[in-house]
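In: Sequence and predicted model, in that order:
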Amino acid sequence: MTVKDILDAIQSKDATSADFAALPLPESYRAITVHKDDTEMFAGLETRDKDPRKSIHLDEVPVPELGPGEALVAVMASSVNYNSVWTSIFEPLSTFGFLERYGKVSELTKRHDLPYHIIGSDLAGVVLRTGPGVNAWKPGDEVVAHCLSVELESSDGHNDTMLDPEQRIWGFETNFGGLAEIALVKSNQLMPKPAHLSWEEAAAPGLVNSTAYRQLVSRNGAQMKQGDNVLIWGASGGLGSYATQFALAGGATPICVVSSEQKAEIARKMGAELVIDRTAEGYRFWKDEHTQDPKEWKRFGKRIRELTGGEDVDIVFEHPGRETFGASVYVTRKGGTIVTCASTSGYQHEYDNRYLWMSLKRIIGSHFANYREAWEANRLVAKGKIHPTLSKVYSLQDTGQAAHDVHRNVHQGKVGVLCLAPEEGLGVRDEEMRAQHIDAINRFRNI
Ligand SMILES: C/C=C/C(=O)SCCNC(=O)CCNC(=O)[C@H](O)C(C)(C)COP(=O)(O)OP(=O)(O)OC[C@H]1O[C@@H](n2cnc3c(N)ncnc32)[C@H](O)[C@@H]1OP(=O)(O)O
Ligand SMILES: NC(=O)C1=CN([C@@H]2O[C@H](COP(=O)(O)OP(=O)(O)OC[C@H]3O[C@@H](n4cnc5c(N)ncnc54)[C@H](OP(=O)(O)O)[C@@H]3O)[C@@H](O)[C@H]2O)C=CC1
């Protein structure tokens, strides 16, 4: 039995759940990994010069043992998230520390502590096997998986699953991730695959869409409301392309920040009217490595007022971090909210606290999404209210190049990876619905 037999079953029109259940599992499969032996390979290099193509491997790995409450999924497609860039450059720390720590939780979690890390936090595919205690899913189900892994044994996480003390991001802080032909997930990560999307389109939104949903829309985030002005950094990138859609769909006004005319055009194609090209306008929020320039914050704020007709922003959707955070705090309106989920340009932020407390602003930390938020975010995709922002698709063996593109910020929206799917465009089950949304689905393609 090989993965080829699994693919044949998925592609045959008449394979039943019983047929999938009867398929013997292969002994091994191909997976994108980083190696524990490589963790020091980039020592001394600048972040920019650490090259994912050198650290990312395509390996044949054994199929992990299936535990209670878990599922093995045949992965048709996955996508590159920035967390896989961090893993591949071993910043801010090596993810093998996460696997070692997880391995100490129980006999079952020991499986994760290996000298290789199978990465990837998105997938679209087909359930192959479910472990004891799983009733909601069965072999043959077409699914996507969100990346929240929790143990749920502590009451701390019972109201908001992101607060579980054993909260982890699957494929980043756990092993057996989605950039592979087979993945191991907890069954409560599974959600129905949107029927009108191909495998690679369905695999694209998951992580960033759920994160943007909690960060911007949820009561656990900024609770955006109709009429809000929302400043969105990196509006044509992974997170930003979903934040922009949420702002528009929710009756808010996005002010989209991008770094080129091409990206500005993408933001406009999504429906945004207020766009700032940070490169063309030449903002330099830092005079040098240690000193910010409040005059530049003010110039940026003036530009926002010019675009909005004199208003400041209610919400800043933050993730670049050190480079932009001082400006983000400054340009937020009195009583407004800066909601942050990352620090791509550096995690030691500096801002002038007078502008925060005197103007009663709030900073909210946000991370991925709880079970319910991830489900709600996927539901919006399945209903055709939010669309994938897939631009380019790579083969599994070219994942290193895909991660390099994202690391160097030469991509748009989301970058997809075909795992078992032999070509793009497969897996669409609702052609009629697809036809209704085809322009939106293809907005980011081949640009
Ligand atoms: C969905 C996608 C998401 C993304 O893309 S996010 C971007 C990528 N992610 C990242 O860049 C984050 C990577 N992670 C990290 O950098 C680290 O992961 C953290 C900085 C988040 C945490 O570091 P750590 O070393 O794990 O945490 P500690 O809590 O500082 O150290 C653990 C020890 O410190 C003790 N401790 C914690 N809080 C306190 C306290 N308040 N007072 C005293 N001690 C404390 C703990 O108990 C524990 O102890 P003991 O080592 O003995 O187990
Ligand atoms: N905590 C969480 O749950 C999550 C955190 N993240 C983190 O968020 C960050 C962004 O992820 P994602 O959106 O997928 O990444 P992308 O690279 O797809 O998009 C980020 C965008 O941010 C903009 N940007 C990058 N650097 C700067 C800068 N110095 N100043 C201003 N803008 C900048 C770029 O747009 P442009 O050049 O056009 O301005 C870029 O396209 C990563 O660090 C990631 O790890 C992501 C998802 C979940």
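Out: It's in. Ligands and ions are numbered 1, 2, ... in the order given.
In: hey, where'd the helices end up in the stretch 301-447 of the chain?
Out: 322-331, 353-357, 371-382, 399-407, 431-441 (DSSP state H, counting those that start in this stretch).
In: Report the buried residues of the shortest one.
Out: When you say that, I think you mean helix 353-357. For helix 353-357, burial by neighbour count (16 or more other C-beta atoms under 10 Å) applies to 355-356. Backbone N, C-alpha and C define where each C-beta goes, glycine included.
In: who does it touch, helix- and strand-wise?
Out: helix 322-331 (3 or more C-beta pairs under 8 Å, 6 or more residues apart in numbering; DSSP states H and E).
In: Just the CA coordinates for the helix it packs on, please, in PDB.
Out: The C-alpha trace of helix 322-331 is given here as PDB (Å, rounded to 0.1, in the frame of the first residue of the first chain):
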ATOM      1  CA  ARG A 322       8.900  47.200  16.200                       C
ATOM      2  CA  GLU A 323       9.100  49.100  13.000                       C
ATOM      3  CA  THR A 324       5.500  50.400  13.100                       C
ATOM      4  CA  PHE A 325       4.200  50.000  16.600                       C
ATOM      5  CA  GLY A 326       5.100  53.600  17.800                       C
ATOM      6  CA  ALA A 327       3.300  55.000  14.700                       C
ATOM      7  CA  SER A 328       0.300  52.700  15.300                       C
ATOM      8  CA  VAL A 329      -0.100  53.900  18.900                       C
ATOM      9  CA  TYR A 330       0.200  57.500  17.800                       C
ATOM     10  CA  VAL A 331      -2.400  57.400  15.000                       C
END
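In: counting contacts, what elements does it pack onto?
Out: helix 294-308, strand 313-318, strand 332-340, helix 353-357.
In: please redo it, this time with the cut-off set to 7 Å
Out: Applying 3 or more C-beta pairs under 7 Å, 6 or more residues apart in numbering; DSSP states H and E, one finds that helix 322-331 makes contact with helix 294-308, strand 313-318, helix 353-357.
In: picking up where we left off before, and the helices of the stretch 301-447 of the chain: which comes nearest ligand 1?
Out: For ligand 1, the closest of the helices of the stretch 301-447 of the chain is helix 371-382, at 10.4 Å, according to C-beta to the nearest ligand atom.
In: can you tell me the helix or strand for the residue nearest to T2 when sequence neighbours are not counted?
Out: Residue nearest to T2 in three dimensions, not counting chain neighbours: P26, with 5.3 Å by C-beta to C-beta, 6 or more residues apart in numbering. P26 is part of no helix or strand when elements are defined by DSSP states H and E.
In: how much space between P26 and ligand 1?
Out: For P26, the distance to ligand 1 (C-beta to the nearest ligand atom, to the nearest Å) stands at 29 Å.
In: Pull the residues that contact stretch 147-165.
Out: 105, 121-122, 166-171, 174, 186, 189, 206-207, 220, 367-371, 374 (C-beta atoms under 7 Å, 6 or more residues apart in numbering).
In: Can you verify my assumption that V73 contacts R129?
Out: No. In this structure, V73 is not within contact of R129 by C-beta atoms under 7 Å, at 8.9 Å.
In: Quick check: residues of the chain near ligand 2?
Out: Residues of the chain that fall close to ligand 2, judged by C-beta under 6 Å from any ligand atom: 81-83, 86, 207-208, 211, 233-234, 236-240, 257-259, 263, 278, 319-320, 323-324, 341-342, 344-345, 367-368, 406, 409.
In: out of the residues you listed, which are buried?
Out: So, by 16+ other C-beta under 10 Å, the buried ones in these are 81-83, 86, 207-208, 211, 233-234, 236-240, 257-259, 263, 278, 319-320, 323-324, 341-342, 344, 367-368, 406.
In: Counting residues, name the longest strand you see in this protein.
Out: Longest among the strand segments of the chain by residue count, using DSSP state E, is strand 70-80.
In: Quick one: mean pLDDT over that strand.
Out: The pLDDT scores in strand 70-80 average 98.
In: Check which residues of stretch 246-261 are buried.
Out: With burial defined by 16+ other C-beta under 10 Å, the residues of stretch 246-261 counted as buried are 246-248, 250, 252-259.
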